[in-house]
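In: sequence and computational prediction follow.
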Amino acid sequence: AHMFLGECYLQVKKGSKAVPHLEKALELEPDKMAEAHVRLGTLYRAAGYADLAVAQFQQYLQKRPDAPGRKDLEDYIKKNQ
């Protein structure tokens with residue numbers, strides 16, 4: 001439910017309200033809700049917090065080594081570490 005609520009906030013451009021719900025989804029289901037790392041990373045990147053975005057993308061890639069778009073995320077990580 002937290003993942004869906006976070007997604008709803010993202011759809012209506014309320015990223016700051018999405019963050020706690022995405023974080024809670026990860027707390028409750030860290031592997032199943034791995035996509036929340038991408039959402040958080042994207043929010044942090046847009047807000048100019050590259051270090052936080054990198055951390056989220058790294059966690060996502062650890063959980064989903066065969067992730068679509070892996071190369072793009074790895075490139076971002078390399079550029080912003």
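Out: Arrived safely.

In: now Ala55: closest residue in space that isn't a chain neighbour?
Out: On the basis of CB to CB, 6 or more residues apart in numbering, the spatially nearest residue to Ala55 that is not a chain neighbour turns out to be Gly41, at 7.9 Å. From N, CA and C alone the C-beta is placed, and that goes for glycine too.

In: apologies, that question was intended for Ala47.
Out: Gly15 (7.6 Å).

In: now swap in Ala18 and tell me
Out: Closest to Ala18 by CB to CB, 6+ apart is Tyr9, at 3.7 Å.

In: check which element follows the helix or strand where that neighbour lies along the chain.
Out: Using DSSP states H and E, Tyr9 maps to helix 2-11. The C-terminal neighbour of helix 2-11 among helices and strands, as given by DSSP H and E, is helix 15-28.

In: check which residues of that following helix are buried.
Out: Going by neighbour count (16 or more other CB atoms under 10 Å), the buried part of helix 15-28 is 15, 18-19, 21-22, 24-26.

In: from these, which is closest to Gln59?
Out: Leu26 (8.5 Å; CB to CB).

In: for the closest one, which non-adjacent residue is closest in space?
Out: Ala36 is the one closest to Leu26 (CB to CB, 6+ apart), at 5.0 Å.

In: per-residue pLDDT, Asp75?
Out: pLDDT, Asp75: 97.

In: report the buried residues of the strand or helix carrying it.
Out: Here Asp75, judged by DSSP H and E, is contained in helix 70-80. Neighbour-count burial for helix 70-80, counted by 16+ other CB under 10 Å, picks out 73, 76-77.

In: could you do stretch 25-39 as well?
Out: 25-26, 33-39.

In: now do that stretch, average pLDDT.
Out: 96.

In: ends of it, how far apart?
Out: 12 Å (CA to CA, to the nearest Å).

In: and for stretch 8-19?
Out: Stretch 8-19 end-to-end distance (CA to CA) = 11 Å.

In: kindly report the same for stretch 9-20.
Out: Using CA to CA, first and last residues of stretch 9-20 are 11 Å apart.

In: pull the contacting residues for Gln58.
Out: Listed by CB atoms under 8 Å, 6 or more residues apart in numbering, the contact set of Gln58 reads Ile77.
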